[in-house]
Each structure stands twice: as structure tokens, then as C-alpha cells.
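**Q** fold the following and give me the result.
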Amino acid sequence: MEQSLRSEKGGKPALPEHPSYSPSGPGKKEKSNGNGSLPRLERVCGKKERSIRKAPSLLITTSGRRSPELHVRRADPDDEGDRAGIMRLWLDNLPHITRDICLKRFEWLYRENPAGPALTWVATEGNEGGVIGCASVMPRQFVIEGERHLGGLAIDFAIDRRYRSYGAALRLQRAVSEQVWESGIGFLLAFPNSAARGVFKRMGYREVGRNWNGARLIRSFGKLRRHLRPIPLAATVGAGVDLLLLIQNRVSLRAAPKGCRVELLDEADARWQQFWEGRSSSIRFGTVHDVEYLRWRHSQPAVRSRMFALFDEEGELRGYLSFTRQGDVLEVRDVQVSSERWFGPLLDRFWQEMYRTKALVINIGLVGTDTMIRRFQRAGFLTRSVEGWAGVLPGPTLERDLLEAIHGEAWYLGEADLDI
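**A** Down below sits the predicted model:
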């Protein structure tokens, strides 16, 4: 894999050739990091490569067990070999990262994050071998008891399949948990899948939330036709169900504050900064959503999100959500309100506006507390699945304040924080 893939000229690591792979997209150029290394990486990515597979070099340990010689170190984001090895692991092991966004994602997430560049540790076969595992931390500004703190999200954890039984996962996460505090990060949040959960628990992560997926129907025919036959019967039943959904929404809106208006926008403006400054001091635990962060977040490669905003009768921003649309399906990526009073009205007005566009369903995925999950359920969302696990690893200087805040608040992170 990484240690055995070499370009035919110069012996540097490269991403595999793909007939449709265009790192920059049609008519666009990736920005250089100042020393020209990114264009060189693009040239390497475009060459036809020959994959030469070889078995890991093995050592005989004192116990008699054969194992590869693994070395764990901090990655150098300016090193072509490190970048190519990391991105190859992404493509081989992380399904949500595709060839057409790989390089753009690296620049966007690992260099342009307003909270600071991502920190990455890599495992290699020996000191000079190729990258066979990686684990990263994305710096993220949080608010704890009304004050800003720098935290980190554990992301992009991947191990080459041939090395998964040799302890590379534990060694990588141990290096992260021991060294990350030197960068000023006060705590880590992780959302591992079931295969990796044991590794994070062994590092000392404590469970603080769950992964919940919910849905709120707008029109039922799309669901009913899968289960009811003939189709005319599904259409008839669906019409009745849709009428009930519409009545339910209108009844719910009667309790909302009067005189509200909504806007649909592509980007946050100065009103969002004022909204954030007005509520940040009252947050016990949550992520920073100032304008700088929002503009960076919604520039994510290959994800085009829009913003739906709710204003009171005096024109003050009271809440907003960001969402994407694919066909008739809406995916809510983030929800922010000035107070709980505006939570239901924001979602009800969004439902009403999307009903007019012939959308079928609103989906949402989040990691958070049961209190937050119940809040979405009261707003009309049905549970699709409850799976996964969220853990926190407090740093040496923040443990008590962090744990008190995180256990005592209806907090959550939506897809805008998780889908990176």
C-alpha cells in the first residue's frame, strides 16, 4: 500500500490514477501553499502509477510473535510523501471522501480552518517507510460556561487493512492523547464507529452522548408506496396522512410568536455575528458559530448548503438552520436559536416553506445528549436510528469545568460539525 506505491519517476508516493480524477475541477486551479508543493502533488496524482505490493517487514519480538516494525510520529503537512500517504488512506478506508474532493478537502480542512490547522499523527513501517495509519485532530473553538476554549475533534482515523492486527490503532491514538495538549487544545471529542470504539475507551474517553438520526415527514406518498399496493391505494392513504401533517403544522404554528418572517440565504452576514455575540455568554457548552466560522464551514468542497433564518417582528434574527437538498430530500446540518422558545417555531416555519417546494422529508443527524434528542422529537421528528457513541477526553487543565458543563446541558453537534 502506501509504503509500496511509488511513481515511476523519482520514487515519491502518489494517489492512484483514475480516469475521472481532476483535483482542481474544470477550469480551476488549486492554490499553492507558497513553496509550490501542491502543484507538484497534482502532477504526481495525474501520472499513471504501477502498484507494487509487498508484505510488511517483520521483526521477531521477545515473545516470539512476528510483528511489523511500526513508527508513530507527527505528520508534516508540507511533505508530499506524508500528504499522499494520508490521502491514500482516506480513499481506501473512509467512504465519504472521494477522489474528486480529496485534495480540496485537505487544503480546506487541514490548512484553512479558522481555529487552526489540523494536527495529524501517522504510523509508518519503520522510520523511513510509507504511511500505514493516520489519526487527526481538527481544532474547534468551543464555549464552556460562557468562555471560549480551544477543543479538538478526533477525525480521519484510518489504518491500512494489512496492519490492523499489529497495534497501530492503539499506538496512534496513544500518541494523540499524550501529545495533543502541547498545541493548546484543552479536550478532545471523538465519535468512533463500533470497530474503533474500544480503542478510544482504552485511551480514557468517557461517554457523553449518542448518535441519533431523525426524520420529519412532509409528504407521505414516497414512503407509503414502498409498503402499500396497489399504488392508487398508497396515493389515497397518503393524501389523508398529508392532510393531517399539514393540520398538525398549522396548529403548532399558532403557538409561535406573531409577526415573524423568514429568509433563505446562501451565506451568513453581519446579522449572524450580532446573533452569536448576543447568545454566546449564556452557553454552558457548545461550539462557536461566529461569521468567520460559518463562512469557512459553508465553503466545504462538494457540499452546497443554504441557510434558513427566522426573524421576529422587530427584524432581529432569532434562529437559523443550514441544510442541503438532494431531489426531494432535505438534510438539516445545523440548528441554532437564541433561546428554546424559538426552537419549535424555526423548525415549523422551515417545514411550511419546504412543503411549498414539494419536498418529501426533512432528515437530521446529530451527536448529543438525550435531552437534545427529545427536543427534536417534540418538534415532530421521528427516530430513524440511535447508534454510535460520543466520548470526551479532558485535558490536564480543564477536566472538572468541562465535565460539569457537558453533562448539564442539552448540547449537540450536527452534521455541520461532524460531516467533514
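**Q** now do the helices in the protein.
**A** Using DSSP state H, the helices found in the chain span residues 37-46, 80-93, 102-110, 168-179, 197-202, 221-224, 231-254, 270-279, 291-297, 343-355, 370-378, 399-407, 415-418.
**Q** tell me what the third one is packed against?
**A** Counting by 3 or more CB pairs under 8 Å, 6 or more residues apart in numbering; DSSP states H and E, the packing neighbours recorded for helix 102-110 are helix 37-46, helix 80-93. Every C-beta, even on glycine, is put in place using the N, C-alpha and C of the backbone.
**Q** the inter-axis angle of the longest one versus helix 102-110?
**A** The reference is to helix 80-93. In terms of direction (axes from the mean of the first three to the mean of the last three CA atoms, to 10 degrees), helix 80-93 departs from helix 102-110 by 110 degrees.
**Q** mind listing what's buried in helix 80-93?
**A** Applying a neighbour-count criterion of 16 or more other CB atoms under 10 Å, the buried positions in helix 80-93 are 80-91, 93.
**Q** of those residues, just say which sits nearest to Ser322.
**A** Trp90 (24.4 Å; CB to CB).
**Q** how is the protein partitioned into domains?
**A** Using automatic domain parsing, the domain ranges for the chain come out as 2-204, 212-418.
**Q** run a quick neighbour tally on Glu409.
**A** 18 (other CB atoms under 10 Å).
**Q** residues contacting it?
**A** Residues near Glu409 by CB atoms under 8 Å, 6 or more residues apart in numbering: Ile283, Arg284, Phe285, Gly286, Thr369.
**Q** pull the distance from stretch 198-206 to the chain's centre.
**A** 20 Å (CA atoms, centre = their mean, to the nearest Å).
**Q** mean confidence score for it?
**A** Regarding stretch 198-206, the rounded mean pLDDT is 94.
**Q** what's in contact with that stretch?
**A** Stretch 198-206 has contacts (CB under 8 Å, 6+ apart) with 154, 169-170, 173-174, 176-177, 188, 190, 192, 391-393, 403.
**Q** ok, Trp389 touching Val208?
**A** No: under the criterion of CB atoms under 8 Å, Trp389 makes no contact with Val208, lying 9.2 Å away.
**Q** surely Leu413 and His289 touch.
**A** No: the criterion here is CB under 8 Å, and Leu413 misses it with His289 at 11.3 Å.
**Q** how about the contacts made by the nearest residue to Ala118 once chain neighbours are set aside?
**A** Once flanking residues are discounted, Ala118 sits nearest to Tyr110: 4.3 Å by CB to CB, 6 or more residues apart in numbering. Listed by CB under 8 Å, 6+ apart, the contact set of Tyr110 reads Pro77, Pro117, Ala118, Thr120, Ser136.
**Q** let's see it at 7 Å
**A** Contacts for Tyr110 (CB atoms under 7 Å, 6 or more residues apart in numbering) come out as Pro77, Pro117, Ala118.
**Q** just those residues now: which is nearest Ser305?
**A** The shortest approach to Ser305 among the contacts of Tyr110 belongs to Ala118, at 20.9 Å (CB to CB).
**Q** so the closest one makes contact with Cys134?
**A** No: with contact defined as CB atoms under 7 Å, Ala118 does not reach Cys134; the gap is 10.7 Å.
**Q** of those two, who's got more company?
**A** Remark: of Ala118 and Cys134, Cys134 carries more neighbours, 26 against 21, as counted by other CB under 10 Å.
**Q** residues in contact with the more buried one?
**A** Residues in contact with Cys134 (CB under 7 Å, 6+ apart) are Ile86, Leu89, Thr120, Val122, Asp156, Ala158.
**Q** residues in contact with the second one?
**A** Listed by CB under 7 Å, 6+ apart, the contact set of Leu89 reads Glu2, Val131, Cys134, Ala158, Asp160.
**Q** circling back: compare the helices of the chain and give me the one nearest Val329.
**A** Taking CB to CB, helix 221-224 is the member of those nearest to Val329, at 9.0 Å.
**Q** Leu402 is in contact with Val143, isn't it?
**A** No: using CB under 7 Å, Leu402 is not in contact with Val143, being 11.6 Å away.
**Q** pLDDT below threshold where in the stretch 201-350 of the chain?
**A** Under the criterion pLDDT under 70, the flagged ranges of the stretch 201-350 of the chain are 221-229, 231, 234-235, 237-238.
**Q** and Ala175, how many neighbours?
**A** Using other CB under 10 Å, Ala175 is surrounded by 17 other residues.
**Q** roughly how far apart are it and His96?
**A** Per CB to CB, to the nearest Å, Ala175 is found 25 Å from His96.
**Q** just Val367 next, same as before
**A** The spacing between Val367 and His96, counted by CB to CB, is 15 Å.
**Q** more neighbours, those two?
**A** Legend: neighbour count by other CB under 10 Å for Val367 and His96, higher for Val367 (23 against 10).
**Q** tell me the contacts of that one?
**A** With contact set as CB under 7 Å, 6+ apart, Val367 has these partners: Phe191, Gly209, Arg210, Asn211, Ala390, Tyr412, Leu413, Leu418.
**Q** wait, the first one touches Gly388, no?
**A** The reference is to Phe191. Yes: assessed by CB under 7 Å, Phe191 is found in contact with Gly388 at 6.4 Å.
**Q** and the two? Which one has more around it.
**A** Higher neighbour count among Phe191 and Gly388: Phe191, with 21 against 17, using other CB under 10 Å.
**Q** neighbours of Asp160, how many?
**A** Neighbour count for Asp160, taken as other CB under 10 Å: 24.
**Q** any idea how far it lies from Ala123?
**A** Relative to Ala123, Asp160 is positioned 9 Å away (CB to CB).
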